[in-house]
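Colleague: Sequence and predicted structure, then a few things I'm wondering about:
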Amino acid sequence: MVIARGSTLTLAVFFFVLFVSAVGLGWAQQQAPAPSPAAAAQAPPAPKIDSGDTAWLLTSSALVLLMTAPGLALFYGGMVRPKNALATIMQSFIILALISVQWVLWGYSLAFGPDKGGVIGGLEWIGLRGVGLDPGPYSDTVPHQAFMVFQLMFAVITPALITGAFAERVKFSTFIVFTLAWATFVYDPLAHWVWGKGGWLGSLGALDFAGGTVVHISSGVSALAAALVVGRRKGYGHEPIRPHNLPLTVAGAALLWFGWFGFNAGSALTAGKLATSAFVVTNTAAASAALGWMFSEWAMRGKPTVLGAASGAVAGLVAIPPGSGYVTPLASIIIGAVAGFLCYNACNLKTKVGYDDSLDVVGVHGVGGTWGALATGLFATTAINPDGKNGLFAGEPSQMGAQIIAILASWVLAFLGTVIILKILDATMGLRVPDEDEVAGLDLSQHSENAYALEGPGYGITSGGAFAEAMKAQPKPTVPA
Amino acid sequence: MVIARGSTLTLAVFFFVLFVSAVGLGWAQQQAPAPSPAAAAQAPPAPKIDSGDTAWLLTSSALVLLMTAPGLALFYGGMVRPKNALATIMQSFIILALISVQWVLWGYSLAFGPDKGGVIGGLEWIGLRGVGLDPGPYSDTVPHQAFMVFQLMFAVITPALITGAFAERVKFSTFIVFTLAWATFVYDPLAHWVWGKGGWLGSLGALDFAGGTVVHISSGVSALAAALVVGRRKGYGHEPIRPHNLPLTVAGAALLWFGWFGFNAGSALTAGKLATSAFVVTNTAAASAALGWMFSEWAMRGKPTVLGAASGAVAGLVAIPPGSGYVTPLASIIIGAVAGFLCYNACNLKTKVGYDDSLDVVGVHGVGGTWGALATGLFATTAINPDGKNGLFAGEPSQMGAQIIAILASWVLAFLGTVIILKILDATMGLRVPDEDEVAGLDLSQHSENAYALEGPGYGITSGGAFAEAMKAQPKPTVPA
Amino acid sequence: MVIARGSTLTLAVFFFVLFVSAVGLGWAQQQAPAPSPAAAAQAPPAPKIDSGDTAWLLTSSALVLLMTAPGLALFYGGMVRPKNALATIMQSFIILALISVQWVLWGYSLAFGPDKGGVIGGLEWIGLRGVGLDPGPYSDTVPHQAFMVFQLMFAVITPALITGAFAERVKFSTFIVFTLAWATFVYDPLAHWVWGKGGWLGSLGALDFAGGTVVHISSGVSALAAALVVGRRKGYGHEPIRPHNLPLTVAGAALLWFGWFGFNAGSALTAGKLATSAFVVTNTAAASAALGWMFSEWAMRGKPTVLGAASGAVAGLVAIPPGSGYVTPLASIIIGAVAGFLCYNACNLKTKVGYDDSLDVVGVHGVGGTWGALATGLFATTAINPDGKNGLFAGEPSQMGAQIIAILASWVLAFLGTVIILKILDATMGLRVPDEDEVAGLDLSQHSENAYALEGPGYGITSGGAFAEAMKAQPKPTVPA
Amino acid sequence: MKKIEAVIKPFKLDDVKEALTGIGVIGMTVSEVRGFGRQKGHTELYRGGEYTVDFLPKIKVEVVVPDNLVSKVVDVVAGAAKTGNIGDGKIFVHPIETAVRIRTGERDEAAL
Amino acid sequence: MKKIEAVIKPFKLDDVKEALTGIGVIGMTVSEVRGFGRQKGHTELYRGGEYTVDFLPKIKVEVVVPDNLVSKVVDVVAGAAKTGNIGDGKIFVHPIETAVRIRTGERDEAAL
Amino acid sequence: MKKIEAVIKPFKLDDVKEALTGIGVIGMTVSEVRGFGRQKGHTELYRGGEYTVDFLPKIKVEVVVPDNLVSKVVDVVAGAAKTGNIGDGKIFVHPIETAVRIRTGERDEAAL
Ligand SMILES: Nc1ncnc2c1ncn2[C@@H]1O[C@H](COP(=O)(O)OP(=O)(O)O)[C@@H](O)[C@H]1O
Ligand SMILES: Nc1ncnc2c1ncn2[C@@H]1O[C@H](COP(=O)(O)OP(=O)(O)O)[C@@H](O)[C@H]1O
Ligand SMILES: Nc1ncnc2c1ncn2[C@@H]1O[C@H](COP(=O)(O)OP(=O)(O)O)[C@@H](O)[C@H]1O
């Protein structure tokens, strides 16, 4: 059960060197923050910052952070067995830490930096060089760094979503390296393709207002790849594997709903009509999908489950982002209801196919995200967003083409990227914990902790180490009954 | 324990048809969103949208959503027995889904649509026809839909509050129909009376800044009706019925406090003096009421309980909304302290009278809401809000008259409406679960789920269905110790 | 186990009289809210209120409230033993209530009121006399009361942080008096020194953007004093004392992170460049510190713990406030990483020294806060904030001097103030619960409650009192199996 | 002395306790157990999965009494715990050789 | 009658239950216990502290059977619960003097 | 062989364990139980309600030993668990007919 301290030290040193070099790279620049000529060219005489827009974008950034932790952490944490509760929560939490640093050091530059051939951003903005407090190329009314930090939160939640697929069996050290690699080689390029200035999918006209392809398809499809490469949990299909704390899961789902207003309505980058419209359709799609899933399950299985309603809400929230700046409230009811129905059935399908996507990331994010990207092509209308486009039902069948290309491109990049990264890690660090560690649970084997100690007595736990030695000198207190 | 799938299917089909028709009704309109002449007349040349006000109103809407889920869901969920924890949480969660759709389809139109004789809004705005992104009749500086979605959150939390009264014994299917009926026949009219342009109570001059009558009196009095009609829980007064997870309850209370800033300060519809004043008195009233309840209990029972402090905070938050735009911080201290004292005693009274209002909705919302509406008549001052009115202590005794009429009207509508709806449902669908389902708990009997599975072993749980069949073909993995 | 009702009544009456007199004092003034000549002189012709800035400051105030409850309440509550879970949560919750009232009545006036010799604010603003809805002396674009309520939330969280030091052993009644005394005699003066107009530390040029000295050093050092004066928990070092619910703790840490955006970025008092910069460095420092702590522990102990990662994030959040308006994102990575490393080692040290700071307030807030104040002197740059100053690395070594003076002054005031207050209380009310109450747990002994009742049967619990009598007349229901 | 060990339905605990105190037995020890027997379990649903649960929550009551009380206690417990429905549970009687009251060191019947 | 009481590793419960039902024993009562023995515990870390845990989660299975089934049940349980690793647990056999089915009042072997 | 079953105050578990290992007993099984007896319970308050709790948390320690160790174990446990206050708990001694170590199949005293 002991992880060799040697290899851990190596890991720590590796990260340290990585950070130090990137920090060093950016340092001089930030100390003299006058934009470099290049950056200055990109950011012409700064337009006036709007306090309302900035307030909204900062609020939205905070909301999207909340989605990952505690939102997703609790949503996922409640669904695993008690012996893996903490390890599952940890995966979301530590991704927040990891990607927050990765994004500042190089991720933002790769995703949104000066375009290189439509496929990737350049390294010009590494360590946030030239990413300052005046409005940048992506927004006229808020500081460039506000846009950067808003996007950071998206870069955080996407790999966190994937963790649901391989929950309860993956080595923590490998997981950390996977996260960094995936963010760098899958997420950052894909974000550039769709949202980066000059990215090829965006240029093609594919609509993705708030991250249907970039966030949900990419995580859902990577989840499929991960479930296949990592393999099933021990006992899957034989032993009962059921959620250990559904109140936490529902609380997490509700926090996701709450935070999602930042995700979608924040993507307007301004606080006005577009944000309002996105806010309204987000709420309606979530609601309608919760009902869609619940009634599907009720009709097909005889009972409306609470986990089903919560999952349905998430499915609706997953389906609406790409269209959230382009569709009407009534369209969002349909998008949501279909999402609930589809994702419910996708989750049922899983148990027939036999791969072990522990927390149904494929069924919810893969299927829901794909449906959302298609639905955008169906329901988009310039009546809502004059800067958007019309979809099929508004008379523009061609938009469907762009959507389908974007979907396929995301599927391919995410699937191949994930398989390659995982195969390399499997061959080098190893993906899974040893069998006995899986049986004992990841909380104990990876972190030497227990999620709960709800019983009174300590059950023979005795303190050790220097501390206990020191205390032995102390008189033992007498405890009255 | 099996709910007949037939009747469930009927329910599902019923909702489906309902949705489809309302969606259909509104559809064409939204696709061509140029406001109809009528709507255009109501919304004169759109004033400029203010980004700060919009940011605040969207933030506030999100905060009020958070009040219902996870706020109220946890506050209530922690107070029931473990066998009903999930079902109780579900009631708040699914109301969020149900009313979000109901409001968009017809609720908003009934409540805020063009006035019909002072008693109800017309159906002109069904499916949000003509409710667009320009400022509407209720606000000059934010999109009409932002006002709509803010009000949606109020329509959500009000029926959710009632669920505390009949927790742990009501059929889930009946509960769903009740919620929709209550929203349509009680909440929507009452909201129109008080807040709708032309509503008779508002015209009369009754002050209700953020929902004392509409939200708290209506839910509290409906709770009383429900507790009486539904009857007591089995074992009430004989068996111990105590909260199963108070940390969740306190967390829920704190989230309610947090979200209530949106509820009250958001009701200013602008981000300026009025919102600030409402924010400050909200906080002070909650604080003062927490102390008021705690010290009352401490003096009268010998111990200050944590549930008491949390309940007191909620009592203060319940009492302040109607006056939150009209009273000073010092007045709010008095309003809160009195609310804490009154509601504590009202909860004690319940056990003497003998009706079973499971989670004290009557004692907190009925009594606290009524006190708040009266207190507004006492403490209102135009020194705080020049557009408001003076109350008794500022020299205008007549305001008390308007307040009392509003209180009585709300009491009557809520009580009668609830009794009638419940009696009809009792006669048709049945209100309560069978006795053995109540003993087994609603989590299992209504949802086939358990809130917690904190123990390690699965206790003989075996997977079933097609999945288990498929897995039987697989070799059973060997598990090391 | 019974607390004498007599002394409690006295306590209640005492507070009542206190409140009534302060309310009375301020009343007439508020009813006629035209600013007194003095106040008018302080607040010249009101500049225009900015809706975006106000929206952001109100949002930030709500976020900082969330930090205390449920954020800190859960963070701390999860770390204690189950028998003290509720009592620990209660301490944060009731401080929110207590200080919310104290601040309005006299705290704000002492801290921010008209300066008296650089050491304290005058009583002119007692009961918020003259603290109105126009912009005040501390901000040009938001109502004075918005600034007041934002600062209120800081005054709330600071004593709440201290509670971690004496968790699991202190009398509730004494704790309440301690909190009020500490707020009045330690916090309010210190806030005046640093932030009050005319305060001597602020005048000296010490930089503290968002509360490194005022909040974190003061709470961390007071925690040290409290741990020493109160003494160790029974069984400390002999019995296992370990966290009972780490999922709650991580959820609390995540909520702290979320709320901290309000704490730091709200301190800009405007929604623009400065708020954005503070937001970004807050996030980066938290992330970097989580990694710093985790990798330190991994390298030194062989396992990366989840509690460690969460604690690290908090350590980073503790270190960044004083510099959050003055340093670059890359500097914040360094500040965070060092904070994680330092605080981890400080917590280890504790077990060697032998004082019992239950939840490591000294190691995290004392050490982290001190490091943050120093780091501000190292990394501050006017490139980020033209209204700020340059630190050592930007060529101004003198700034370090001001920082060190501020640190020392805070240490001395907090340590001495706390020791004196506690010694007086020890001699009068008594600090600790009796031994058998400590063994039984504070939940039962102080509040007559249990945090959890997760098991089905009531274990022989029987209801008592008038209610049970009344119910005995009722037929006992028959319960099917 | 004998130990009477009864496995009963959880909501019957109060009745059994009252019945026992009613005949003057003022000591007992109870614990939560799970029972498997003729009583049917229930089904739980979680996402795609359907689980059959066949261990049900029961309460075990243990009470040590002098030999002369055994049959009375058995009858009283059986009476109080009975609903007449399947799953009511079992009573088992064990021999006990010694009993000690820890507080005083009293032995056997004096210890009860 | 005898009571066979087995303390086993938690994940072996399913196997033991199947083995017992396989030989026609359809009643048993199980509970969660903590075991201390030769099996080594583990270490936990919380902030500065390091804790050694030496009580491990185990499951206790109790099954009362007629005398003639005792050795068969012991063998079957031992077989099903065995992993061959330390900490597999113990089986103890107790004498039982009386058994009662609460629902019907049936006694002894008829009650099982 | 006998089984010594002790119901003790929870915070005494460590002392009892140390006392047992001190005399060379290195196996035991413990569980959480609730006790009802002479020891007074406490009152809980929830909103309007006031509850009297008379089952108190206790720990049950079970240890099977060869006959010759019985009285020593009883004495040692009684000594370690004693506070002298009401509610200290009881020790009961049961006969055991067979013991099996699941891992090896060893029987009786060899199995302990
Ligand atoms: N042979 C047995 N040994 C131990 N416990 C048993 C045995 N048979 C039944 N039980 C316990 O008695 C409970 C009730 O038994 P069950 O067969 O369901 O109904 P009934 O008591 O009505 O015959 C079971 O849940 C189990 O806890
Ligand atoms: N003398 C004993 N009395 C009661 N229970 C025992 C005794 N010895 C061991 N046990 C139980 O059996 C379990 C396994 O024992 P252990 O010595 O760890 O391994 P093994 O069964 O392989 O010898 C222990 O965890 C404990 O629950
Ligand atoms: N007759 C009994 N049978 C089984 N357990 C008993 C019996 N009497 C007492 N106990 C257990 O012993 C515990 C302590 O008993 P109690 O009467 O409170 O104090 P004391 O042990 O000091 O006499 C009880 O809580 C209960 O668990």
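Modeller: Looks like it arrived, so ask away. Ligands and ions are numbered 1, 2, ... in the order given.

Colleague: The closest residue to A:Q91 other than its chain neighbours: what's it in contact with?
Modeller: Counting by Cβ to Cβ, 6 or more residues apart in numbering or on different chains, A:Q91 lies nearest to A:T163, which is 4.2 Å off, once chain neighbours are set aside. Every C-beta, even on glycine, is put in place using the N, C-alpha and C of the backbone. Neighbour list for A:T163: A:Y76, A:T88, A:Q91, A:S92, A:I95, A:F175 [criterion: Cβ atoms under 8 Å, 6 or more residues apart in numbering or on different chains].

Colleague: Any of those residues buried? List them.
Modeller: Neighbour-count burial (16 or more other Cβ atoms under 10 Å in any protein chain shown) is assigned, among the contacts of A:T163, to A:Y76, A:T88, A:Q91, A:S92, A:I95, A:F175.

Colleague: Would you format the residues you listed as a markdown table with secondary structure included?
Modeller: Putting the buried ones among the contacts of A:T163 into a markdown table (DSSP: H, G, I helix; E, B strand; the rest coil) gives the following:
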| residue | secondary structure |
| --- | --- |
| A:Y76 | helix |
| A:T88 | helix |
| A:Q91 | helix |
| A:S92 | helix |
| A:I95 | helix |
| A:F175 | helix |
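
Colleague: And the residue nearest to A:Q91, how far from B:V250?
Modeller: Counting by Cβ to Cβ, to the nearest Å, the gap from A:T163 to B:V250 is 29 Å.

Colleague: Chain E contacts on chain D?
Modeller: D:2, D:6-8, D:31-38, D:55, D:58, D:60, D:74, D:77-78, D:81-95 (Cβ under 8 Å from any Cβ of the partner chain).

Colleague: helix/strand/coil for A:D208?
Modeller: coil.

Colleague: and it, what does it touch?
Modeller: Neighbouring residues of A:D208 by Cβ under 8 Å, 6+ apart: A:V194, A:W195, A:L201, A:V214, A:P321, A:P322, A:A373, A:T376, A:A406.

Colleague: near chain C, which residues of the stretch 301-450 of chain A?
Modeller: A:D443, A:Q446, A:H447, A:S448, A:E449, A:N450.

Colleague: Sitting in strands, which of these do you find?
Modeller: Using DSSP state E, no member of those falls within strands.

Colleague: burial count for A:P397?
Modeller: 12 (other Cβ atoms under 10 Å in any protein chain shown).

Colleague: what separates it from A:A380, distance-wise?
Modeller: Look at A:P397 and A:A380: by Cβ to Cβ, they are 12 Å apart.

Colleague: so what's residue 65 up against?
Modeller: I'll assume chain A. A:L96, A:M153, A:V156, A:G259, C:W257, C:F258, C:F261, C:N283.

Colleague: Wait, chain D was what I had in mind.
Modeller: For D:V65, the contacting residues are D:M1, D:K2, D:I4, D:V25, D:V73, D:L112, by Cβ under 8 Å, 6+ apart.

Colleague: of all the residues of the stretch 301-450 of chain A next to chain C, which two lie farthest apart?
Modeller: Spatial extent of those (Cβ to Cβ) is set by the pair A:Q446 and A:N450 at 12.2 Å.

Colleague: thinking again about what came up before, just the closest of the contacts of A:T163 to C:R232, please.
Modeller: Minimum distance to C:R232 across the contacts of A:T163 is 34.8 Å, recorded for A:T88 (Cβ to Cβ).

Colleague: For that closest one, list the residues it contacts.
Modeller: Neighbouring residues of A:T88 by Cβ under 8 Å, 6+ apart: A:A73, A:Y76, A:G77, A:M79, A:V80, A:T163, A:A167, A:E168, A:L442.

Colleague: coming back round to it: and the contacts of A:L65, which of them are in helices?
Modeller: A:L96, A:M153, A:V156, A:G259, C:W257, C:F258, C:F261, C:N283 (DSSP state H).

Colleague: what's the closest of these to ligand 1?
Modeller: Using Cβ to the nearest ligand atom, A:G259 comes nearest to ligand 1 of the ones in helices among the contacts of A:L65, at 45.0 Å.

Colleague: For the closest residue in space to the closest one that isn't next to it in sequence, grab the count of nearby residues.
Modeller: Leaving aside its chain neighbours, A:G259 sits nearest to A:M67 (3.6 Å; criterion: Cβ to Cβ, 6+ apart). For A:M67, the count of nearby residues is 28 (other Cβ under 10 Å).

Colleague: A:M67 against A:A254, yeah?
Modeller: No. Using Cβ atoms under 8 Å, A:M67 makes no contact with A:A254, being 11.3 Å away.

Colleague: just to revisit the earlier point, ok, of the residues of chain D next to chain E, which come out buried?
Modeller: Neighbour-count burial (16+ other Cβ under 10 Å) is assigned, among the residues of chain D next to chain E, to D:2, D:6-8, D:31-37, D:55, D:58, D:60, D:74, D:77-78, D:81-83, D:87-94.

Colleague: Spell out which parts of chain D neighbour chain A.
Modeller: D:E44, D:L45, D:Y46, D:R47, D:G48, D:G49, D:E50, D:Y51.

Colleague: Name the SS class of the second one, please.
Modeller: Look at D:L45: counting by three-state DSSP, its state is strand.

Colleague: Not counting its neighbours along the chain, what's nearest the residue lying farthest from the centre of chain D?
Modeller: Going by Cα atoms, centre = their mean, the residue of chain D most distant from its centre is D:G48, 37.5 Å out. Nearest residue to D:G48, sequence neighbours excluded (Cβ to Cβ, 6+ apart): A:T351, at 4.1 Å.

Colleague: repeat for D:I23
Modeller: In this structure, D:I23 finds its nearest non-sequential neighbour in D:V76, 5.6 Å apart by Cβ to Cβ, 6+ apart.

Colleague: Mind checking what helix or strand follows the helix or strand the one you found falls within in sequence?
Modeller: Here D:V76 sits within helix D:70-81, counting by DSSP states H and E. Downstream of helix D:70-81, the next assigned helix or strand under DSSP H and E is strand D:90-95.
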